[in-house]
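Student: Fold the following and give me the result.
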Amino acid sequence: MLFAVVAIGGLTAASFWVLRPFLPSAIWAVMIVIATWPEMRAVQRRLWGRRSLAVAVMTLVMIASILGPVAVAVATLVGRADEIVAWARSPAAISVPPPPEWVSELPMVGTRIAAW
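Tutor: Residues are numbered from 1 along each chain as shown. I've put the predicted structure just below:
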């Protein structure tokens, strides 16, 4: 009897260990399902009570709500690629100006800082 309890506990722990990387995604998916459940039921009523059609429509709407903004972002990045490249290269053209004259007058480290 004790061996069976230990074995079940070990299997439970091993299952949790295997599923642990997927838990945040599963929790996020549950949150989305709960938040969109009333809309899915309304779509199901409009589609003659067919759950499979409602799920397909909701899936397409969710994919479009994610891919739409991503497509706009990618199009913007592609359209402004030359500006992005120029912006990325601009720090190489920036030079540090020499220090002011008073830096060399600092006690103990001024001459080394001004020479550096």
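
Student: Could you identify the helix or strand that succeeds the lengthiest helix in the chain?
Tutor: Secondary structure of the chain per DSSP state H: the longest helix is helix 51-79. Downstream of helix 51-79, the first helix or strand assigned by DSSP states H and E is helix 81-93.

Student: same for that next one, what does it pack against?
Tutor: Using 3 or more Cβ pairs under 8 Å, 6 or more residues apart in numbering; DSSP states H and E, no helix or strand is in contact with helix 81-93. Just so you know, the C-beta spots here come from the backbone N, C-alpha and C atoms, and that holds for glycine as well.

Student: average model confidence for the next helix or strand after it?
Tutor: Next helix or strand after helix 81-93 toward the C-terminus (DSSP H and E): helix 110-115. With pLDDT averaged residue by residue, helix 110-115 scores 80.

Student: Check which helices and strands helix 110-115 sits against.
Tutor: On a contact count with 3+ Cβ pairs under 8 Å, 6+ apart, helix 110-115 meets no helix or strand.

Student: Tell me the buried residues in that helix?
Tutor: Using 16 or more other Cβ atoms under 10 Å as the test for burial, helix 110-115 gives A114.

Student: can you check stretch 54-72 too?
Tutor: Here stretch 54-72 shows 54, 57-58 as buried, counting by 16+ other Cβ under 10 Å.

Student: cool, stretch 33-45 as well?
Tutor: 40, 43-44.

Student: can I get those residues in a markdown table with pLDDT, secondary structure and distance to P98?
Tutor: Listed next are those as a markdown table, based on pLDDT from 0 to 100; DSSP: H, G, I helix; E, B strand; the rest coil; distance: Cβ to Cβ, whole Å:
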| residue | pLDDT | secondary structure | distance to P98 |
| --- | --- | --- | --- |
| M40 | 95 | helix | 67 |
| V43 | 95 | helix | 69 |
| Q44 | 96 | helix | 73 |
